[in-house]
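Asks: 3D, please:
(2 chains)
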Amino acid sequence: MAYIKRNKNQWRKVYPGVRRKPVYEIIQRMEVGRLVFSNSDVETFGFSNAYDKEPTITASVNGVDANVSINCISLTRGYATIAASAKFTGEVHIQVVEQL
Amino acid sequence: MAQYPSAGAAKRDTVISDHLIEDLTTPVSDSETGETLLEKQHRDIPAVVVVNNQTNTAAHVNLYLTAVTNIANWATGSITIAGGTTALDLNGDTFTLIDKDTTSQVFTFNNTDNVVTDGSIGLLTATDELTIITRTKTSINNISSLDITAGTITEGSTASATAVNAIDTTGLNRASSPSLIQFSIPSSIGGENDSQVTYILINNADDTGAGPAAGNTIGIGIDTGSVTEAQIAAAIIAAINGTSHARVTAADSGVGASANGNVLGITAEQGASDTQITLTTDVYGPTGNITNGVVLTSGVDIVDVEDFTGGLATQTLQVIQDITGSTGNTTINMAGVTGGSSTNFVDGNNYGKITFAASESFTGSVRLRAVSLQNDYLM
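Replies: Predicted coordinates for the structure are as follows:
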């Protein structure tokens, strides 16, 4: 009696011909970090994400004697440069949020 | 310069980061500092920024963080026994410690035994504040069911023992002399010898003190008929302090035999009048409270106060909750302990803390946003 042989290696999943409309979720990327100042007043924080345009950053100073004010003097898609009103030793905490 | 995390190469767009974000608001009341506890468990030290400083008192205040941790902390407190407190003062007094799990233990002082188990703090042989606080420490640490450890003992305010206006030379002169006084200053506070007292003999054998000087005896000569009581007092002060004086000769041998005499362990100075001398132990604390430290041996009685008193040392014992968490911030009530005071358990927290400072005092509220990376997902 004849019998049917099936090659298992040729099996494959067949998807339906009509595909559903994709629903995309937009993910707004962010990153956080700490920038070390060691008796300095200007430091640069390099981003880990590749942003399409300059992100928004917020920052605060952290240090026992860090009574300085800070400004972001340069912002690109790859980094932010933070300047302090005076040299100090401590950190600047940075939160980076992508602009959509 | 360093940054955390290091910048490295830009991530592929297929990496999705998962951040833990929490907003915290804390009030500040006429202060240059403030703090708030983290309420979520951050895997790394979060990046914290000041989002808003709402104040009407100092519009231009500059805020900066002073410390950020993501580690839970033990609550710590302290127990203090004031200087001068004695075992008799404390007899029957009690205080209670409560640990993080609300287990409480009553501790009771007594001066009838030396037992330091089951909440008893036996002080029968405790003669100073350090021994009292050390027994307290041992008793606390002997309660295994109480998750509190007594740790470091630190010394607070201190005072040296004194014999105020101990010597008064009124009535001592060439004709009335001699006067022989002795000093018993133990080596534990800097005295020269525990078994040999130091004498000072004042007589009219000469004007240099060489005549009355002998073994263990510092000599003071008052052969001049016009020598005043104040001048004799000045010579005694010099003899005790070991400073050069024309009327003073050091002991021939034994104690008091250094160049200018000198009764080691105490310092003399003029008392209420120029004939009176106040003596002070060189070391502070209760060990200087010497009974019969200065005594008249014979002759004109110029010793008015024999005992050194008032030596004290406040002692503080640090107590630490064994388990981290804010529920360890319990109360310590030492109101029922004579000479006792305390600081409640503080700084216990579950997930870490943010502290900040301002350029000037202000009243208002500070809103902080703490963010940390939790996971990276490959999409």
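Asks: Buried residues in stretch B:223-242, which are they?
Replies: B:223, B:227, B:229, B:231-242 (16 or more other C-beta atoms under 10 Å in any protein chain shown). Quick note: C-beta positions are derived from backbone N, CA and C, even for glycine.
Asks: again, but for stretch B:281-296
Replies: Residues of stretch B:281-296 classed as buried by neighbour count (16+ other C-beta under 10 Å): B:Thr281, B:Val283, B:Tyr284, B:Gly285, B:Pro286, B:Thr287, B:Gly288, B:Asn289, B:Ile290, B:Gly293, B:Val294, B:Leu296.
Asks: got it, and stretch B:177-184?
Replies: Under the neighbour-count criterion of 16+ other C-beta under 10 Å, stretch B:177-184 has B:Ser177, B:Pro178, B:Ser179, B:Leu180, B:Ile181, B:Gln182, B:Phe183, B:Ser184 buried.
Asks: Show residues contacting it.
Replies: B:167, B:172, B:191, B:197-204, B:212, B:217, B:222, B:240, B:263, B:266, B:290, B:292-303 (C-beta atoms under 8 Å, 6 or more residues apart in numbering or on different chains).
Asks: Please list only the buried members of the residues you listed.
Replies: By 16+ other C-beta under 10 Å, the contacts of stretch B:177-184 give B:167, B:172, B:191, B:197-204, B:212, B:217, B:222, B:240, B:263, B:266, B:290, B:293-294, B:296, B:299-300, B:302-303 as buried.
Asks: Could you name the helices and strands sitting against the one helix or strand B:Tyr199 maps to?
Replies: Assigning secondary structure by DSSP states H and E places B:Tyr199 in strand B:198-203. Applying 3 or more C-beta pairs under 8 Å, 6 or more residues apart in numbering or on different chains; DSSP states H and E, one finds that strand B:198-203 contacts strand B:179-183, strand B:217-221, helix B:229-241.
Asks: What is the burial count for residue 36?
Replies: Because you didn't say which chain, this covers chain A. Neighbour count of A:Val36, defined by other C-beta atoms under 10 Å in any protein chain shown: 16.
Asks: The chain in question should be chain B.
Replies: 19.
Asks: in the sheet, who's paired with it?
Replies: Beta-bridge pairing of B:Thr36 under DSSP bridges involves B:Ile354.
Asks: pretty sure it contacts B:Arg367?
Replies: No. Using C-beta atoms under 8 Å, B:Thr36 is not in contact with B:Arg367, being 9.7 Å away.
Asks: Mind listing the shared neighbours of these two?
Replies: Both B:Thr36 and B:Arg367 are contacted by B:Leu24, B:Thr25, under the criterion C-beta under 8 Å, 6+ apart.
Asks: The lengthiest strand in chain A pairs with which strands?
Replies: For chain A, the longest strand by residue count, based on DSSP state E, is strand A:79-97. Partners of strand A:79-97 in the sheet, by DSSP bridges, are strand A:30-46 (antiparallel), strand A:56-62 (antiparallel), strand A:70-75 (antiparallel).
Asks: Reformat these as CSV; add mean pLDDT.
Replies: As requested, the strands paired with strand A:79-97 are arranged in CSV below (pLDDT from 0 to 100):
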stretch, mean pLDDT
strand A:30-46, 94
strand A:56-62, 95
strand A:70-75, 94
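Asks: Just name the most buried of these.
Replies: Highest mean neighbour count among those (mean count of other C-beta atoms under 10 Å in any protein chain shown): strand A:56-62, with a mean of 21.
Asks: pLDDT at the nearest residue to B:Leu172 once chain neighbours are set aside, what is it?
Replies: Closest residue to B:Leu172 apart from its sequence neighbours, by C-beta to C-beta, 6 or more residues apart in numbering or on different chains: B:Val300 at 4.7 Å. Looking at B:Val300, its pLDDT reads 94.
Asks: cool, and A:Val14?
Replies: 72.
Asks: Quick check: which element contains it?
Replies: Here A:Val14 is assigned to no helix or strand, by DSSP H and E.
Asks: how close does it sit to A:Arg20?
Replies: According to C-beta to C-beta, to the nearest Å, A:Val14 and A:Arg20 sit 16 Å apart.
Asks: The nearest residue to A:Thr56 once chain neighbours are set aside pairs with what?
Replies: Leaving aside its chain neighbours, A:Thr56 sits nearest to A:Val97 (5.0 Å; criterion: C-beta to C-beta, 6+ apart). Taking DSSP bridges as the rule, A:Val97 bridges to A:Met30, A:Thr56.
Asks: Give the full set of residues in contact with the residue in chain A that chain B sits nearest to.
Replies: Closest to chain B within chain A is A:Gly46: 2.9 Å, counting by C-beta to the nearest C-beta. A:Gly46 sits next to A:Gly78, A:Tyr79, B:Gln3, B:Ala7 when contact means C-beta under 8 Å, 6+ apart.
Asks: filter those to the buried ones?
Replies: Neighbour-count burial (16+ other C-beta under 10 Å) applied to the contacts of A:Gly46 gives B:Gln3.
Asks: so which of the contacts of A:Gly46 comes closest to B:Thr102?
Replies: For the contacts of A:Gly46, the closest approach to B:Thr102 (C-beta to C-beta) belongs to B:Gln3, at 44.1 Å.
Asks: Just the pLDDT for residue 81.
Replies: Answering for chain A, as no chain was given. Looking at A:Thr81, the pLDDT reads 95.
Asks: nope, chain B please
Replies: Reported pLDDT at B:Ile81 in the predicted model: 95.
Asks: And it, how close does it get to B:Val248?
Replies: Taking C-beta to C-beta, one finds B:Ile81 at 42 Å from B:Val248.
Asks: Buried residues in stretch B:350-370, which are they?
Replies: Going by neighbour count (16+ other C-beta under 10 Å), the buried part of stretch B:350-370 is B:350-354, B:356-358, B:362, B:364, B:366, B:368-370.
Asks: Correction: the previous question concerned stretch B:143-160.
Replies: So, applying 16+ other C-beta under 10 Å, buried residues of stretch B:143-160: B:Ile143, B:Leu146, B:Asp147, B:Ile148, B:Thr149, B:Ala150, B:Ile153, B:Thr158, B:Ala159, B:Ser160.
Asks: wait, isn't the third one in contact with B:Ile98?
Replies: No. Between B:Asp147 and B:Ile98 there is no contact under C-beta under 8 Å: 10.0 Å.
Asks: since we're on residue 99, how many residues are nearby?
Replies: Using chain A here. For A:Gln99, using other C-beta under 10 Å, the count is 10.
Asks: meant chain B, my bad for not saying
Replies: Neighbourhood size, B:Asp99 [other C-beta under 10 Å]: 23.
Asks: contacting residues around residue 90?
Replies: Assuming you mean chain A. A:Gly90 neighbours (C-beta under 8 Å, 6+ apart): A:Phe37, A:Val61, A:Asn62, A:Gly63, A:Val64, A:Asp65, A:Ala66.
Asks: ah, no, chain B please
Replies: Listed by C-beta under 8 Å, 6+ apart, the contact set of B:Leu90 reads B:Ile81, B:Phe109, B:Asn111, B:Ile121, B:Leu123, B:Ile132, B:Val337, B:Thr338, B:Gly339, B:Gly340.
Asks: Report the strands that pair with the helix or strand encompassing the fourth one, each with its relative direction.
Replies: Spelled out, that is B:Ile121. B:Ile121 is part of strand B:120-122, with elements assigned from DSSP H and E. Pairing partners of strand B:120-122, with direction, according to DSSP bridges: strand B:104-110 (parallel).
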